[in-house]
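# Whatever this is, show me its structure:
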Amino acid sequence: QVQLVESGGGLVQAGGSLRLSCAASGRAFSTYTMGWFRQAPGKQRELVAAITSGDSTNYADSVKGRFTISRDNAKNTVYLQMNSLKSEDTAVYYCALRPSGRATYGYWGQGTQVTVSS
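Below you'll find the model as predicted:
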């Protein structure tokens, strides 16, 4: 059973930066696609960024140019660097894992709160 543990959330002023981390258990981390999702109050969960086993990345239009997803396979960890934060980035951020060959994300972290004050 894979476990995901996020860290790095908190309160930051608009224009500031935060880096989220997600540590995964298990031995096959390098084969997974990893994603960061977020859910704001009253809104649906949305994909923010994803990175494949081959380091291909994709981003939601709302965060392009401001957020960067990366991974360190030696540490079984995926990161989300968030710069130029806006109040609309306020949400609970979730790390998720999609095993190789699967169409959906099957494992989720507990979430970490990011609050951007204007």
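# Assign the most centrally placed residue in the chain to helix, strand or coil.
By CA atoms, centre = their mean, the chain has its centre lying nearest to Trp36, at 2.5 Å. The three-state label for Trp36, taken from DSSP: H, G, I helix; E, B strand; the rest coil, comes out as strand.
# Quick check: the gap between Phe80 and Asn58.
For the record, residue 80 is Leu, not Phe. Counting by CB to CB, to the nearest Å, the separation of Leu80 from Asn58 is 13 Å. Where C-beta positions appear, they are placed from N, C-alpha and C, glycine not excepted.
# which of these two has more neighbours?
Between Leu80 and Asn58, counted using other CB atoms under 10 Å, the more crowded position is Leu80 (27 against 13).
# hey, what's in contact with both of Leu80 and Asn58?
Counting by CB atoms under 8 Å, 6 or more residues apart in numbering, the common neighbours of Leu80 and Asn58 are Ala49.
# hmm, back to that, looking at the sheet around the residue nearest to the centre of the chain, what are its partners?
For Trp36, the beta-bridge partners are Ala49, Cys95 (DSSP bridges).
# That one reaches Tyr94, doesn't it?
Yes. The pair Trp36 / Tyr94 is scored as a contact, 7.2 Å apart, by CB atoms under 8 Å.
# Now do Trp36, the pLDDT please.
Per-residue pLDDT puts Trp36 at 98.
# residues in contact with it?
Going by CB under 8 Å, 6+ apart, Trp36 touches 20, 22, 47-50, 69, 78, 80, 93-96.
# Repeat that for Gly26.
Gly26 is in contact with 2-3, 76, counting by CB under 8 Å, 6+ apart.
# Tyr107 versus that one, what's the distance?
Computed as CB to CB, the Gly26 to Tyr107 distance reads 9 Å.
# intersection of neighbour lists for those two?
Residues touching both Gly26 and Tyr107 (CB under 8 Å, 6+ apart): 2-3.
# Please confirm that Gly15 is located within a helix.
No. Counting by three-state DSSP, Gly15 falls outside a helix, being coil.
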